[in-house]
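Novice: Have a look at this prediction, sequence included:
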Amino acid sequence: MNSIWAKIAGIAVVAVVVIVVAGRFTSDKPSSSPTSTQSERKEKPKTFYDVAERDRQFAQAPKPAESEPAEQQPSVASPPAPQPPQPPVQAPAQKAGGVVLPSSITQPTTLYFKPLSEEDDIAAQQLLPWAAAGRSIGRLPMVQYGLMQKACRQIEERWPDSSYAFQAKRMLEEISERYAANYKITPQELDISKFLKPRQGTQAVKVEPLRR
C-alpha cells in the first residue's frame, strides 16, 4: 500500500517539475507581435556591420539597363491611352564654379559613361571593392581612410570617364571634412558635371540615389 502511494507521489512531483519548466520557457519566449518587433528595430542602434552593409552599394558600378524586347503589335490598331503628365526631372544642383557633387543625385538620373574594354573592366571590378572595404574599415577606431582614398584615386586616374570613377567620387565625397582636408580632396576632384551630358563614345546609364 505504501509503495503505491510512493509511486503516486513520485508521478505528481515529476508532473509539477514539467509544468514549472514549461512555464519558464513560455515566459522567456519573446513576443512575436509585429508592433513589438518594429519598435525594437527602430530603437536598435546601427552597428559597424549595419553601416558596412550600406557601403556595399559602392562595391559595384552601375550598369547599362538591358533593352526590353519589342512587344508584338496588335492586328487592329487602337488609339493610345492618354498618359498622365510626367513631372519634369530636376537637374542636379550646381555649386560655385559649375561643380556638381555626387550627392546631388537624389532621384534616378541618366548619366553618360564610356564603357571599358574587357581587360580594364575586370581590373576596375577588382579594385572598386577594395575602395568600398576601405570605407568601412576607415570608421574603426585609430584607422583612417588611406586605403579607400588611394584606391578611389587610382580608379579616377586610370578610368576617369567610367562609371567606376563616378562611384569613386561618391565615396570620396562622404569622407568627413577633417579627413578630406588631410587627403586634400577638393570639390573639383568630386565634380561629376561631365557625366551629365552625352559625349563621344559614351553610353547612357540610369543611376539610382544612394540608400540611407
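Specialist: Noted; the coordinates are in hand. If you're wondering where the values come from, they're calculated on a predicted model, not measured in any experiment. Residues are numbered from 1 along each chain as shown.
Novice: where in the protein is pLDDT low?
Specialist: Counting by pLDDT under 70, the chain shows low-confidence ranges at 1-57, 59-60, 65-97.
Novice: Please, where are all the helices along the protein?
Specialist: Under the criterion DSSP state H, helices of the chain are mapped to 2-28, 34-43, 48-55, 118-137, 146-158, 163-173, 177-182, 187-190.
Novice: and the fourth one with helix 146-158, angle?
Specialist: For helix 118-137 and helix 146-158, the angle between their directions (axes from the mean of the first three to the mean of the last three CA atoms, to 10 degrees) works out to 150 degrees.
Novice: Give the buried residues for helix 118-137.
Specialist: Of the residues in helix 118-137, 123-124, 127-128, 130-137 count as buried by neighbour count, 16 or more other CB atoms under 10 Å. Placement of C-beta: from N, CA and C, glycine included.
Novice: As TSV, those residues with distance to K114 would be great.
Specialist: Output for those, formatted as TSV (distance: CB to CB, whole Å):
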residue	distance to K114
A123	15
A124	12
L127	17
L128	16
W130	22
A131	19
A132	22
A133	26
G134	25
R135	25
S136	29
I137	30
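Novice: how long is stretch 178-192 from one end to the other?
Specialist: Across stretch 178-192, the terminal residues are separated by 22 Å (CA to CA, to the nearest Å).
Novice: what's the answer for stretch 150-168, then?
Specialist: Note: stretch 150-168 ends 10 Å apart using CA to CA.
Novice: In it, which residues are buried?
Specialist: 151-153, 155-156, 159, 161-168.
Novice: what does stretch 166-182 give?
Specialist: By 16+ other CB under 10 Å, the buried positions in stretch 166-182 come out as 166-175, 179-180.
Novice: now those as CSV including distance to Q144?
Specialist: Below are the buried residues of stretch 166-182 laid out as CSV (distance: CB to CB, whole Å):
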residue, distance to Q144
F166, 23
Q167, 20
A168, 17
K169, 19
R170, 19
M171, 14
L172, 13
E173, 17
E174, 14
I175, 9
Y179, 6
A180, 12
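Novice: which of those residues sit farthest apart?
Specialist: Across the buried residues of stretch 166-182, no pair lies farther apart than F166 and Y179, at 20.5 Å, counting by CB to CB.
Novice: these two touch, right, I155 and F166?
Specialist: No: assessed by CB atoms under 8 Å, I155 is found out of contact with F166, at 9.7 Å.
Novice: Roughly how far does the closest residue to E208 other than its chain neighbours sit from V205?
Specialist: Excluding the flanking residues, the one nearest E208 by CB to CB, 6 or more residues apart in numbering is P108, at 5.6 Å. Distance of P108 to V205, computed by CB to CB, to the nearest Å: 11 Å.
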